[in-house]
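A.B. asks: model this:
(2 chains)
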Amino acid sequence: MRLGEIVTAGVLAILSIYLMWKSTELPVGYIAGEGPGGGAWPFWLSGIMLLSCGMIALNWWRGTSPPSQSDEPMLDGYGWRMLALVGGGIIGFVALVNIISMYGAIAVFLLYYTRALGRHPWTLVLPLSLLTPIALFFFFEGAMTITMPTGMPFMDPIFDIGYEIIY
Amino acid sequence: MLLALEPLNLMLIIIGVSVGLFIGAMPGLGSVNGVAILLPVTFLVPPSGAIIFLAAIYYGAMYGGAVSSITLGIPGASTAVATTFDGRPLARQGRASLALVTAAIASFIGGSVANILFTAFAPLLASVALSFGPPEVFALMLLAFATFVGLGGDDIPKTIFSICFGLVIGAVGFDEISGAPRLVLFDINGFLQGIGFLVLAIGVYGIGEMLWTIEQTRGEVTKTTPKMTVKGMAADTKEAAKRGWKGTTIGSFLGFFVGILPAAGATPGSLMSYGVAKMLSRTPDEFGKGSPDGVAAPEAANNSASTGSMLPMLTLGIPGSPTTAILLGGMVIWGLTPGPRLFVDEQEFVWGLIGSFYISNAAALLINLAFIPLFIWMLRMPFTILAPMIFVLSIAGGFAATRDMFDVWLMVIFGIGAFFLRKFDYPLAPAVLAIVLGPIAEPTLRQSLLLSSGDPSIFFTRPIAGPITVVALILIFLPLFKYLRRKKAQAAG
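C.D. replies: Below you'll find the predicted structure:
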């Protein structure tokens, strides 16, 4: 945790400097008769973020914050595995949206999570993974008239059936 | 007033409230979606019925916003952000029914107080609202921030970082004053449209918080939510009245006052009410850990403010929120002209609409209470089913709100980032609040300074802005003085 605390503060300090630099694309000073320029608000706030990172680093050096006193690892074996399986699952889910549509990705994600991680029986997994996207399709496309990504062209025939029912 | 009691209008109220409740409970969807989508449907009924129907949806959605905040831990709309702070901890302690009942009752009382104030003082309050210019609104935003200074916890640098991060993220997109692109990060065009509140809120609460829960509990979340019984609900009602009355009172009045201001609306109203309720509480330490007052204050306020925001729309023709802007558009389409003459020329319509507020509010309470067992049942699902469902609703709801996969990716990045920051005790609620209030605060600050030719004394010399600014500054610096005094005392011995 102790190493993680200073690394995080360092990363956030770099982010703050980047935001300050990016803000300077617009005037960051006080324009006489007008007040602050367009970049002043984010520039000075990012500056305060940078100062805060300095304070966090100082507290780390003095060992006053709880993470800086801790010798525990930031994540143990379970934590990293969880992050890879669940976090990776979410990234996979979002990546699939443009390929097999939002509803297809929902079905695959639910199937993956409830079967591979939840270890639920197929009798629960299959109805849940199939009925949830169907219900969401009729809710979003039918009731709310919100069109979700339909994925690549090979998914079109499936959507045609759904749209025929709605319209 | 009898107009609201006509059978067709009563039916429209019940349907509107039910639909609104369901839409409001979906993360990413809020009253604005419901009202906008169902606007064309209203052409099938007379104009009075149409506006009553839309107002009922608005009410229902305000009640529904609390449902996703409490049960899923995702503030589906900005008006329900503060409800998450205590609603979610209560749900985690197995007290979701108490949180939901408290939210329902507080919403009802907030709505009722607002209706009475609306009925009695509409023209007078409209003139007060009109006297609020950019300096007054900025002072009010400063006050809203000030009431939240204590929200972040003990680590002051991390809290300050979190607030500033939210404010900077809220500034991405275009500079509202000059119209120039600003903070287009890594020159990616997706940032031109800005980063919405929902992107950060769903990322932090829907993804980051869930990852944190799974990691902390090692995936074995104990189900503590008891079955919902009539007896249990009665006990919760009694407890909600006993432990939530103070927050309800504060939220009802403060929410209404902030709601009537054209540039403010229900979100600052609910945030300020939460902060003030915490400041005035005898047990402020309970806030953030599951205080019924912490649920009651924002819920009473957002309902009260919703009614309040109708006031500038009807009396001045100025919409106080995106939803009232759509309602305003609807009224124009139906041949009604909002403004001071409306109360003279269309008396039957105006009083019928106000009457429908009372009926919608009562209907929303009853329908909401009837649905609470269903919401509780959702929480009794195994965690390995509930968790993926929350992820699915976060992603699908997030897309529905922004219609852009770029924002969905940002949500995932914010979620994973929030998980790591949480590991190192960075408070994330202040960032979410800042992204809501920042886009109101910055333009009003700069408009004020343009008005005064760059002279900052405008915030101190105007009769309304001056006292609010002074109070806000005292509240901001008070914790710092206390902190320094404590440090000095510790150093002394």
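
A.B. asks: tally of neighbours for residue B:195?
C.D. replies: Using other Cβ atoms under 10 Å in any protein chain shown, residue B:195 is surrounded by 25 other residues. Backbone N, C-alpha and C define where each C-beta goes, glycine included.

A.B. asks: ok, it to residue B:414 distance?
C.D. replies: 9 Å (Cβ to Cβ, to the nearest Å).

A.B. asks: next one: residue B:35
C.D. replies: With Cβ to Cβ as the criterion, residue B:35 and residue B:414 are 28 Å apart.

A.B. asks: now whichever residue of the stretch 251-400 of chain B sits closest to chain A. Nearest residue, chain neighbours left out?
C.D. replies: At 3.0 Å from chain A, residue B:384 is the closest residue in the stretch 251-400 of chain B, using Cβ to the nearest Cβ. Nearest-residue entry for residue B:384: residue A:118, 3.0 Å, with adjacent residues in sequence omitted and distances by Cβ to Cβ, 6 or more residues apart in numbering or on different chains.

A.B. asks: what number of residues lie near residue 128?
C.D. replies: Since no chain was named, I'll use chain A. Residue A:128, neighbours per other Cβ under 10 Å, totals 20.

A.B. asks: can you look at chain B instead?
C.D. replies: 14.

A.B. asks: OK, contacts around it?
C.D. replies: For residue B:128, the contact set (Cβ atoms under 8 Å, 6 or more residues apart in numbering or on different chains) comprises residue B:260.

A.B. asks: quick one, helices of chain A?
C.D. replies: A:2-23, A:40-62, A:66-69, A:77-82, A:88-111, A:122-137, A:156-166 (DSSP state H).

A.B. asks: ok, which of those comes nearest chain B?
C.D. replies: Going by Cβ to the nearest Cβ, the one of the helices of chain A nearest chain B is helix A:40-62, 3.7 Å.

A.B. asks: check which residues of the closest one are buried.
C.D. replies: A:40-53, A:55-57, A:59-60 (16 or more other Cβ atoms under 10 Å in any protein chain shown).

A.B. asks: follow-up on the earlier one: what's the neighbour count on the residue nearest to residue B:384?
C.D. replies: Counted with other Cβ under 10 Å, residue A:118 comes out at 19.

A.B. asks: of residue B:35 and residue B:414, who's got more company?
C.D. replies: residue B:35 (27 against 24).

A.B. asks: which SSE is the more buried one in?
C.D. replies: Using DSSP states H and E, residue B:35 sits in helix B:31-38.

A.B. asks: that helix near chain A anywhere?
C.D. replies: Yes: contact between helix B:31-38 and chain A is present through B:33, B:37 (criterion: Cβ under 8 Å from any Cβ of the partner chain).

A.B. asks: if we can go back for a sec, and chain B, which of the buried residues of helix A:40-62 contact it?
C.D. replies: A:41, A:42, A:45, A:46, A:48, A:49, A:52, A:53, A:55, A:56, A:59.

A.B. asks: would you mind giving these as a markdown table with pLDDT added?
C.D. replies: Below are those laid out as a markdown table (pLDDT from 0 to 100):
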| residue | pLDDT |
| --- | --- |
| A:41 | 94 |
| A:42 | 96 |
| A:45 | 96 |
| A:46 | 97 |
| A:48 | 96 |
| A:49 | 97 |
| A:52 | 95 |
| A:53 | 96 |
| A:55 | 94 |
| A:56 | 94 |
| A:59 | 91 |
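
A.B. asks: and the residues you listed, which is closest to residue A:21?
C.D. replies: residue A:46 (8.7 Å; Cβ to Cβ).

A.B. asks: any idea which residue sits dead centre in chain B?
C.D. replies: The centroid of chain B falls nearest to residue B:79 when counting by Cα atoms, centre = their mean (1.1 Å).

A.B. asks: contacts only, for residue A:64.
C.D. replies: Residue A:64 touches nothing, counting by Cβ under 8 Å, 6+ apart.

A.B. asks: and it, its phi and psi?
C.D. replies: phi -100, psi -20 (degrees, to the nearest 10).

A.B. asks: who's in contact with the residue nearest to residue B:384?
C.D. replies: Residue A:118 touches B:382, B:384, B:385, B:388, counting by Cβ under 8 Å, 6+ apart.

A.B. asks: most neighbours among the residues you listed, which one is it?
C.D. replies: That'd be residue B:388 among the contacts of residue A:118, by other Cβ under 10 Å, with 27 neighbours.

A.B. asks: buried residues, the helix or strand residue B:212 falls within. List them.
C.D. replies: Secondary structure assignment for residue B:212, by DSSP H and E: helix B:209-216. For helix B:209-216, burial by neighbour count (16+ other Cβ under 10 Å) applies to B:209, B:210, B:211, B:212, B:213, B:214, B:215.

A.B. asks: in TSV: these, plus pLDDT and distance to chain A.
C.D. replies: Compiled in TSV, the buried residues of helix B:209-216 are given as follows (pLDDT from 0 to 100; distance: Cβ to the nearest Cβ, whole Å):
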residue	pLDDT	distance to chain A
B:209	84	13
B:210	86	8
B:211	90	6
B:212	88	10
B:213	83	11
B:214	86	6
B:215	87	5
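
A.B. asks: could you break chain A into its assigned domains?
C.D. replies: A:1-74, A:75-167 (automatic domain parsing).

A.B. asks: distance to residue B:141 added to the ones you listed, as CSV?
C.D. replies: Below are the domains of chain A laid out as CSV (distance: least, Cβ to Cβ, whole Å):
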stretch, distance to residue B:141
domain A:1-74, 13
domain A:75-167, 32
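
A.B. asks: residue B:471 is nearest to which of the ones you listed?
C.D. replies: Closest among those, using Cβ to Cβ: domain A:1-74, at 22.5 Å.

A.B. asks: that closest one: end-to-end distance?
C.D. replies: 5 Å (Cα to Cα, to the nearest Å).

A.B. asks: just to revisit the earlier point, and the helices of chain A: which comes nearest residue B:306?
C.D. replies: helix A:122-137 (27.4 Å).

A.B. asks: picking that back up, which elements pack onto the helix holding residue B:212?
C.D. replies: Other helices and strands packing on helix B:209-216, by 3 or more Cβ pairs under 8 Å, 6 or more residues apart in numbering or on different chains; DSSP states H and E, are helix A:77-82, helix B:383-402, helix B:405-423.

A.B. asks: re the thing from before, show me the least confident stretch of the helices of chain A, going by mean pLDDT.
C.D. replies: Here the helices of chain A differ in mean pLDDT, and the lowest is helix A:66-69 at a mean of 85.

A.B. asks: is there proximity between that one and chain B?
C.D. replies: Yes: counting by Cβ under 8 Å from any Cβ, chain B has neighbours in helix A:66-69: A:66, A:67.
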